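Please find the sequence and the predicted model below.
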Amino acid sequence: MNFRPIMTVMKRVVGVVLVLLSFSITKAYAEDVDCSMCHPDLAKKKTVHAAVSMGCTGCHTSLNVAEMPHKVTGKFPKGLSAEQPDLCYGCHDKGIFMKKNVHAALAMGCTSCHNPHSTDTPKLLVADMPGLCFTCHDKGKFENKTVHPPVMGGMCTSCHNPHSSDSQKLLLAEVPDLCYTCHDKAMFSKKNVHAPVAGGMCLSCHAPHATEEMALLLKRPVDVCLECHPDVLKRPHALGGTSHPLASGVALGIDSGKGKEKKERVLMDPARPGKGFYCGSCHDPHSSDSPGMIRYPMRTKFDLCINCHKK
């Protein structure tokens, strides 16, 4: 009997079986291989991306891991199933990143700020804040004589959303409501409220990050006041016509000299140690229960005076 045809058929069948078996093994290997054998540090840090627990092929769908180095079988880098940020939107709500004002960093890709596997920092950030923010934002703008405490503490995201916001400057809420998360609203809502405060114009007088002036003011205290009240020194003050420094503006840092003899100096506030004397020494710049925005309770016309001139 001639067994040659039978042997030929059997060889073909075995060949097909081996091809199918090889495909099955390769597919299983791609799904079940322990990537940590070659990449031991990717998921060993303090904060681990939840997606890692779903398996590497949850994101890297187009890699032939049976080949070394791995062959990318899809059209995206690293064998990813999609480009950033579309890949990330597979798990993360896209709406959170698509509000009215979008952080420019999002255009640089999610991994410009976040590590996709694990980090020793919160939120999978590639560096701690505010150092991470300073890779794009000029650090010098956040360092000065007076620094806002949240800025000093590196708490950028206590005021700003790092992705997108419906408020300007990526703020978590509009001013002044954002400010009231730390500052007692009662101090700004007494009987008589300064017009800029009533309009929520905190940033018209104060810098939100850092400044050379006290209380984060944008200018010298007296200059902030005179910007809206320029005629104060042109008309008689309550103390006008007396020898009190206020009569000539000396107490406010405005000397009465002219030309080369003109000097700027500030007297210290007797009622508030360490602070210079200016309009806010008598008038509360935010709100007051006394007429004329006077800082102190007024029962008689002399009650203001005795705060500096003790009995």
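Yep, it's here.

Give me the buried stretch members for stretch 180-200, please.
Using 16 or more other C-beta atoms under 10 Å as the test for burial, stretch 180-200 gives 180, 188, 190, 193-194, 196-197. Placement of C-beta: from N, CA and C, glycine included.

go on, stretch 75-83?
The neighbour-count check on stretch 75-83 (16+ other C-beta under 10 Å) flags 76, 79-80 as buried.

first to last residue in it, what's the distance?
9 Å (C-alpha to C-alpha, to the nearest Å).

Centre of the chain to it, how far?
Centre-to-centre, stretch 75-83 and its host chain are 31 Å apart (C-alpha atoms, centre = their mean, to the nearest Å).

average pLDDT across it?
For stretch 75-83, mean pLDDT is 94.

switch to numbering from 43
OK, 43 is where the count begins now, so the last one is stretch 117-125.

still on that earlier bit, could you export the buried residues of stretch 222-242 as a markdown table, including secondary structure and pLDDT?
As requested, these are exported to a markdown table (DSSP: H, G, I helix; E, B strand; the rest coil; pLDDT from 0 to 100):
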| residue | secondary structure | pLDDT |
| --- | --- | --- |
| Y222 | helix | 98 |
| F230 | helix | 98 |
| K232 | coil | 97 |
| V235 | strand | 98 |
| H236 | coil | 97 |
| P238 | helix | 97 |
| V239 | helix | 98 |
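
for the residue nearest to the spatial centre of the chain, phi and psi?
Centroid-nearest residue in the chain: C198, 3.0 Å away (criterion: C-alpha atoms, centre = their mean). Torsion angles at C198 (phi, psi; degrees, to the nearest 10) stand at phi -60, psi -40.

With E254 instead?
The phi and psi torsions at E254 (degrees, to the nearest 10) take the values phi -80, psi -20.

Identify the residue spatially nearest to it, adjacent ones excluded.
Nearest-residue entry for E254: K187, 4.8 Å, with adjacent residues in sequence omitted and distances by C-beta to C-beta, 6 or more residues apart in numbering.

now swap in I138 and tell me
I138's closest residue in space is H205 (C-beta to C-beta, 6+ apart), at 6.0 Å.

give me the number of residues near the one you found?
18 (other C-beta atoms under 10 Å).

As a check, name the ranges of all helices in the stretch 243-353 of the chain.
Along the stretch 243-353 of the chain, the stretches classed as helices by DSSP state H, counting those that start in this stretch are 263-270.

Would you mind listing where it has pLDDT under the threshold?
Within the stretch 243-353 of the chain, the segments meeting pLDDT under 70 span 278-308, 343, 353.

residue ranges of the strands in it, please?
252-253, 329-330 (DSSP state E, counting those that start in this stretch).

ok, now the stretch 43-192 of the chain?
Along the stretch 43-192 of the chain, the segments classed as strands by DSSP E, counting those that start in this stretch run 89-90, 105-106, 113-114, 143-144, 160-161, 188-189.

Same list (those strands) but as JSON lines, adding mean pLDDT.
Shown next, in JSON lines, are the strands of the stretch 43-192 of the chain (pLDDT from 0 to 100):
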{"stretch": "strand 89-90", "mean pLDDT": "97"}
{"stretch": "strand 105-106", "mean pLDDT": "88"}
{"stretch": "strand 113-114", "mean pLDDT": "92"}
{"stretch": "strand 143-144", "mean pLDDT": "98"}
{"stretch": "strand 160-161", "mean pLDDT": "97"}
{"stretch": "strand 188-189", "mean pLDDT": "98"}
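
can the strands of the stretch 243-353 of the chain go into CSV with extra columns for mean neighbour count and distance to P218?
Shown next, in CSV, are the strands of the stretch 243-353 of the chain (neighbours: other C-beta atoms under 10 Å; distance: least, C-beta to C-beta, whole Å):
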stretch, mean neighbour count, distance to P218
strand 252-253, 18, 18
strand 329-330, 18, 12
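
Number of residues surrounding K352?
Count around K352 with other C-beta under 10 Å applied: 8.

And it, how close does it get to P312?
8 Å (C-beta to C-beta, to the nearest Å).

Please apply the same query to V189.
For V189, the distance to P312 (C-beta to C-beta) stands at 27 Å.

Please name the residues that touch S78.
Applying C-beta atoms under 8 Å, 6 or more residues apart in numbering to S78 gives the contacts 84-85.

Now do it, the pLDDT please.
Reported pLDDT for S78: 85.

got it, and E109?
Reported pLDDT at E109 in the predicted model: 85.

And for the residue nearest to E254, the neighbour number?
9.

what's the answer for P250, then?
When neighbours are counted by other C-beta under 10 Å, P250 comes out with 19.
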